[in-house]
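Q: Fold the following for me, if possible:
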Amino acid sequence: MDRETRAFAESHFRRLRGQPAGGAGAPPGRVDFIASPTSFSYADFFRRYLLPNVPCVFSRAFTEGWGCRRRWVTPGGRPDFQHLLRTYGDAVVPVADCGRQEYNAHPKEHMLLRDYLRYWTEHIESGYSSPRGCLYLKDWHLCRDSSAEDVFTLPVYFSSDWLNEYWDALDVDDYRFVYMGPAGSWSPFHADIFRSFSWSANICGRKKWLFFPPGQEEALRDRHGGLPYDVTSPALLDSRLYPRRGLCSPALELTQEAGEMVFVPSGWHHQVHNLEDTISINHNWVNGCNLANMWHFLQQELRAVQQEVSQWKETMPDWHRHCQAARLRPVSSWLPGSSGPCPSSIDPRLELWASCDSQLLLSGQVIMRSCTGINFEEFYHFLKVIAERRLLLLAERTDSGAVEGGAGSGLGPHQAAFDVSRITEVLASVVAHPDFQKVDTGMFSPRPEELLQQLEEVVASTASL
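A: Below you'll find the model as predicted:
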């Protein structure tokens, strides 16, 4: 990041006054197409798409040198099943059943990649029909589970990636995924976890995207307040079921071709359909531009949990007996990072509500973590890790010249100073939040108030950087 871009960004957030970044109230008329890497800089992306929080598409020229585009694809542009089988056949991968609905998602199972590739081949040979239905390999952590060397090169536009920087520092997880599926596989209507940004690159095949800017999804809620599972369903035309549907603008439609990358802005709900046999690489990411969105989302989730807990407490006459008698079920039994309801044959929140003591019930933090993958305490540690890394860089005043990025990409001082200013604003809101004040921070190092003071001093000292 250069000085001018940093000044532009800080002015942008001063105008927002701590509110989360949104997007156009109605979809723009089209999605911009970025043709050439040589004429499009990090500053261009930052000013025109990241800060305004609107989607764009990068041409296949941006992924031309990726190893996966050479090795995972046949000369005819189809998935190279033999190469994938030889290289990754023994990997255990998550597979979703696109023909079944579990809450507002598809239920998943795990299988060896070799078994999934066998299914996929037979599915194609049978005219895209199978007794097993349409199965979609989703959320495979290739970078975490095996060597991803020479698979792809992280585009500089997406390199300020705090989410993966944080998880890499902990060495326990990541938000980098591979998706593979036949024509007809799809992802239901959703917004990305933590209201993160995401990017998705088609290695082969084509996808159709349906986008709705932040706020538009409210008009798609049914009469009970639930969001739709499939926005293409004819049921949405029934005004008795979806009374506000007429207030929603039509979806912004986009067809993504092989080799192209889509930037998905923060908080945009979307639905995605594979038009052909398709492989893609997807990342979720958070940085200073959508940090306030993440914090706003966590506050919304906690309020929703607290409201439901209150309603259940009022309807259970033996509430306190349940709280004393039961014990917490380990939250690790659910998939970490899930952005939807906790997967279970019964609603697991009932088990949690009946097993939390009164203090945990008041805060809702345990329940919130089980259903979203993070709570206020962990959000503070996320901020702390990123803040300390930026403070170290500013203290050393190192600048390798490649100033655009994130961990390992030559993060420069202007980007680091911008990051610190964004963390400072959000951390001040966290520290002042009454529910965070109930968290026992006695063992935190540094204490939240101490870290905030340190950051405020650095923001003042770098104002003229």
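
Q: shaky segments in the chain?
A: 22-27, 146-149, 313, 316-363, 398-411 (pLDDT under 70).

Q: the domain parsing of it - what is it?
A: Following automatic domain parsing, the chain resolves into domains at 1-20+290-465, 29-287.

Q: Give me the sheet partners of the host helix or strand of residue 110 and which way each runs.
A: Element membership for residue 110 (DSSP states H and E) is strand 108-112. In the sheet, strand 108-112 lines up against strand 92-97 (antiparallel) (DSSP bridges).

Q: ok, residues contacting the partner strand?
A: For strand 92-97, contacts defined as Cβ atoms under 8 Å, 6 or more residues apart in numbering pick out 105-113, 116, 132-140, 145. Where C-beta positions appear, they are placed from N, C-alpha and C, glycine not excepted.

Q: Give me the secondary structure label for the residue lying closest to residue 19 once chain neighbours are set aside.
A: Nearest residue to residue 19 in three dimensions, chain neighbours excluded: residue 292, at 7.1 Å (Cβ to Cβ, 6 or more residues apart in numbering). Secondary structure, DSSP: H, G, I helix; E, B strand; the rest coil: residue 292 is helix.

Q: Format the domains of the chain as a markdown table; extra columns: mean neighbour count.
A: A markdown table is the format used below for those (neighbours: other Cβ atoms under 10 Å):
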| stretch | mean neighbour count |
| --- | --- |
| domain 1-20+290-465 | 16 |
| domain 29-287 | 18 |
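
Q: who are the neighbours in contact with the residue nearest to residue 19?
A: So residue 292 contacts 16, 18, 19, 20, 21, 422, 425, 426 (Cβ under 8 Å, 6+ apart).

Q: Out of these, the closest to residue 193 would be?
A: residue 20 (15.5 Å; Cβ to Cβ).

Q: The closest one and residue 247, how far apart?
A: Between residue 20 and residue 247 the computed distance is 21 Å (Cβ to Cβ, to the nearest Å).

Q: same question, residue 184
A: Counting by Cβ to Cβ, the gap from residue 184 to residue 247 is 31 Å.

Q: next one: residue 114
A: 48 Å.

Q: Kindly report the same for residue 233.
A: Counting by Cβ to Cβ, the gap from residue 233 to residue 247 is 18 Å.

Q: Also residue 422?
A: 33 Å.

Q: likewise residue 465?
A: 46 Å.

Q: Residue 463: what secondary structure?
A: Criterion first, three-state DSSP; result for residue 463: coil.

Q: Now it. Its backbone dihedrals?
A: Dihedral angles of residue 463 (phi, psi; degrees, to the nearest 10) stand at phi -60, psi -30.

Q: same check, this time on residue 212
A: Per degrees, to the nearest 10, the backbone of residue 212 is at phi -130, psi 120.

Q: ok, now the one 5 residues further on?
A: Taking degrees, to the nearest 10, you get phi -60, psi -20 for the backbone angles of residue 217.

Q: ok, for it, nearest residue in space, not its chain neighbours?
A: In space, residue 217 is closest to residue 269, 4.5 Å off (Cβ to Cβ, 6+ apart).
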